[in-house]
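[1] when you get a sec, could you give me coordinates for this:
(one chain, ligands or ions: 1)
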Amino acid sequence: MYRKIKGTEDIYGEEIKYWYFIENTAREVSRIYGYEEIRTPIFERTELFVRSVGEETDIVQKEMYTFEDKGGRSLTLRPEGTAPTIRAFVENSMIASGLPRRLFYIGPMFRYERPQSGRQRQFHQFGIELLGSSSPLGDAEAIMLADNFLRKLGLVDYKIVINSIGCEKCRPKYKEALKEYYSNILDKVCDDCKRRYETNILRLLDCKVDSSYAENAPKMKDYLCTECKSHYEETKKLLETLEVAYEENFNLVRGLDYYNGIVFEIHHSRLGAQSAIGGGGRYDKLIEEIGGPKTPSLGFAMGIERLIIALKKENVPVEEWRNNEVFIAHLGHEAKIEAIKIAEELRKNEISVVFNTMERGLSAQLKHAARLKCKLCIIVGENELERDVVILRNLETGDQVEIERTFIVGTAKEWLQD
Ligand code: HAM
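    I've put the predicted structure just below:
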C-alpha cells in the first residue's frame, strides 16, 4: 500500500466543511475589502525565493522543496505566497492599471519542517497583498481585514501583536546595538543563535530555546528614525480609532527577510507551540529588489490548518455541507427510467440527490441511503407508477406518505425545510 508523504494530509469527509467555511469566508471578506483573487503556479524559479525570502532564513536554508526539472532549471515548490504574487505583479505589468492593487490568494505552500500539530510540510494559506500603498492607512486596513476575517469565522481567543522593525536607515544602528549586547553573552546563547549572530542578528530576538536574553536586549523602538516612528504611531492610532485590539511586542521579528517597518502576527491562545495563525507586514523594497518598479507594499497570510484547529478548540459551529438530501430508490425497469427523471427534476430545483445506480434490492438501497445520511428517500415502484404516485419517506423520523407525481418537488422541499 502506498502511504501519503510525511507532513501531508488527505482532506475529506467531515473535514471538508471547515475548508469550505474558511475559503468562502476568505473570499467574501476579500470581496468586501476590494481584493481580487490571483492564482500563481505552485512552483517558481528557486532564485525568486532566495532573493525575496532571504538567503539566511530558515525557509531558504533548510525548508525548501527544490528540484531540478528535465531542462536543468532549479525550481522550488512555493514556500509562501508573497514572492509569486509580486513576481506576477511585475511580470504582467499590473502597475499599469493603477495603484494600489489588492490581490488575495488561497492555496497550498510547502516547507520541509518537522511535522507536528499545526505544522505540515504541505499546508495552506489565505493571504492578501496590498501593492502600492506607503501610507499607515494601508497597514491599518490590512490588520483590520485580518481581524474582521477572524471575527467572521467566529474566533475570539486570539491576539494581534505588532512591532516596527525599522528601515534601511535606522535598522543598521539597531543591529549594531544588538551585536554589542549579544557579544557579551555569546557563549550562553544556543547554537542556532551563535550562527545567526553572524548572519541574521535580528533572529536572536526570536530564540525558541531561551527567550530571557532577548527580553533584556535593546529594543528597535528606541532606534526608529522619525519616519518609521511616525508611521508606527499613526498606524497604532488608526487601529485604536477603528477599535482593533492589538498588543505591542518589541521582540517580534519575522522569519522572512523582506520586511521593513510594521510587522505583525496573530496568535491563538489555545494552539500550543504553533500558535501563530497568521503573520505579515510591510515590504517596501521587495518589488524593486526582484526587478520591478518602486512599489511600497504590505500583506499577510493565515494558515488554514491552524485556523481549523482554532475553530475546533473554540467549538465554533460550522455549517454542514448540504449534500445527499434525497435518495432515490427504484424497483423495476419502468421505474428506473421514471426515477432518473424525478432525480433530474429535483436537481434542477437545487436539491442534492443521490440516485441509485446499482442493480440491487430495496433494502440494500435504503441501507445505502442511511449510510449517506440522506434525509429523505423517494421510492419509485412499478405498482405506484401505475397510479401516478411515489413513496416519500423521511429517513430520520420514519414517516412515510404516498404523493402524486406532480407534487414531488414541492413536498420534498417542504420536508427538507422541517
Ligand atoms: P509566515 O508567517 O511564514 O508568513 O506564514 C503565515 C502563516 O502560515 C503562519 O502564521 C502559519 O499560520 C502558517 N504556516 C506557516 N508555516 C506553516 C506550516 N509548516 N504548517 C502549517 N501552517 C504554517 C508568510 O508566509 C508571508 N508570506 C506572509 C505575508 C504575506 N507577508 C506579507 N504578505
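[2] touching the ligand at all, the helix or strand containing I266?
    Element membership for I266 (DSSP states H and E) is strand 260-268. No. Against the ligand, strand 260-268 shows no contacts by Cβ under 6 Å from any ligand atom, the least distance being 6.6 Å. C-betas here are computed from N, CA, C, even on glycine.
[3] whatever helix or strand comes next after that strand to strand 260-268, inter-axis angle?
    Counting by DSSP H and E, the next helix or strand C-terminal to strand 260-268 is strand 276-282. Going by axes from the mean of the first three to the mean of the last three Cα atoms, to 10 degrees, strand 276-282 is angled at 170 degrees with respect to strand 260-268.
[4] buried residues in strand 276-282?
    Neighbour-count burial for strand 276-282, with 16 or more other Cβ atoms under 10 Å as criterion, is recorded at 276-282.
[5] which among these are in contact with the ligand?
    Restricting these to those near the ligand by Cβ under 6 Å from any ligand atom leaves 276-281.
[6] would you convert those into a markdown table that also reports pLDDT?
    Below are these laid out as a markdown table (pLDDT from 0 to 100):
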| residue | pLDDT |
| --- | --- |
| A276 | 98 |
| I277 | 98 |
| G278 | 98 |
| G279 | 98 |
| G280 | 98 |
| G281 | 98 |
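[7] ok, so of those, who is nearest I165?
    Distance from I165 was checked for each of those by Cβ to Cβ. The minimum falls on G281, at 7.7 Å.
[8] distance of that closest one relative to T82?
    10 Å (Cβ to Cβ, to the nearest Å).
[9] next one: D191
    Noted for D191: a distance of 29 Å to T82, by Cβ to Cβ.
[10] more neighbours: these two, which one.
    Relative neighbour count places T82 above the other of D191 and T82, with 26 against 8, counting by other Cβ atoms under 10 Å.
[11] residues of the stretch 101-250 of the chain that sit close to the ligand?
    By the rule Cβ under 6 Å from any ligand atom, the part of the stretch 101-250 of the chain lying against the ligand is 111, 113, 118-120, 123, 125, 127, 129.
[12] what is the neighbour count of S183?
    By other Cβ under 10 Å, the residues close to S183 number 9.
[13] what are the boundaries of the strands in the stretch 1-150 of the chain?
    Taking DSSP state E, counting those that start in this stretch to define them, one finds strands in the stretch 1-150 of the chain at 36-37, 43-45, 66-68, 74-77, 101-110, 122-131.
[14] what's the answer for the stretch 201-350 of the chain, then?
    The residue ranges that make up the strands of the stretch 201-350 of the chain, judged by DSSP E, counting those that start in this stretch, are 247-248, 260-268, 276-282, 297-303, 326-331.
[15] output the ones you listed in a markdown table, with distance to R45 appended to each entry.
    Formatted as a markdown table, those follow (distance: least, Cβ to Cβ, whole Å):
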| stretch | distance to R45 |
| --- | --- |
| strand 247-248 | 38 |
| strand 260-268 | 24 |
| strand 276-282 | 24 |
| strand 297-303 | 21 |
| strand 326-331 | 51 |
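[16] residues touching the spatially closest residue to T8 that is not a sequence neighbour, list them.
    Nearest residue to T8 in three dimensions, chain neighbours excluded: Q122, at 4.6 Å (Cβ to Cβ, 6 or more residues apart in numbering). Contacts here follow Cβ atoms under 8 Å, 6 or more residues apart in numbering; on that basis Q122 touches 5, 7-9, 108-110.
[17] ok, now with 6 Å
    For Q122, the contact set (Cβ atoms under 6 Å, 6 or more residues apart in numbering) comprises 8, 108, 110.
[18] buried only: go through these for me.
    Applying the neighbour count, that is 16+ other Cβ under 10 Å, the buried entries in these are F110.
[19] and the contacts of Q122, which is closest to the ligand?
    Proximity to the ligand was ranked across the contacts of Q122 by Cβ to the nearest ligand atom; first place goes to F110, at 8.6 Å.
[20] ok so, going back, counting by contacts, list what the strand holding I266 packs against.
    For strand 260-268, the contact count by 3 or more Cβ pairs under 6 Å, 6 or more residues apart in numbering; DSSP states H and E identifies strand 158-164, helix 226-241, strand 276-282 as packing neighbours.
[21] could you say which one of these comes nearest to A412?
    strand 276-282 (41.0 Å).
[22] give me the angle between that closest one and strand 158-164.
    On the basis of the same axes, to 10 degrees, strand 276-282 is oriented at 30 degrees to strand 158-164.
[23] what pairs with strand 276-282, and is each one parallel or antiparallel?
    Applying DSSP bridges to the sheet, strand 276-282 is found paired with strand 260-268 (antiparallel), strand 297-303 (antiparallel).
[24] now the first one, how far from the centre of its chain.
    Same thing as strand 260-268. Using Cα atoms, centre = their mean, to the nearest Å, we find the averaged C-alpha position of strand 260-268 to lie 16 Å away from the chain's own average C-alpha position.
[25] what sits up against that strand?
    Residues from elsewhere that reach strand 260-268, judged by Cβ under 6 Å, 6+ apart: 139, 157-165, 167, 228, 231, 235, 254, 275-279, 281-282, 284, 310.
[26] with stretch 77-84 instead?
    40, 43-44, 48-49, 52, 59, 64-65, 105, 109-111, 125, 127, 301.
[27] so where's this structure shaky on pLDDT?
    The model of the chain has no residue with pLDDT under 70.
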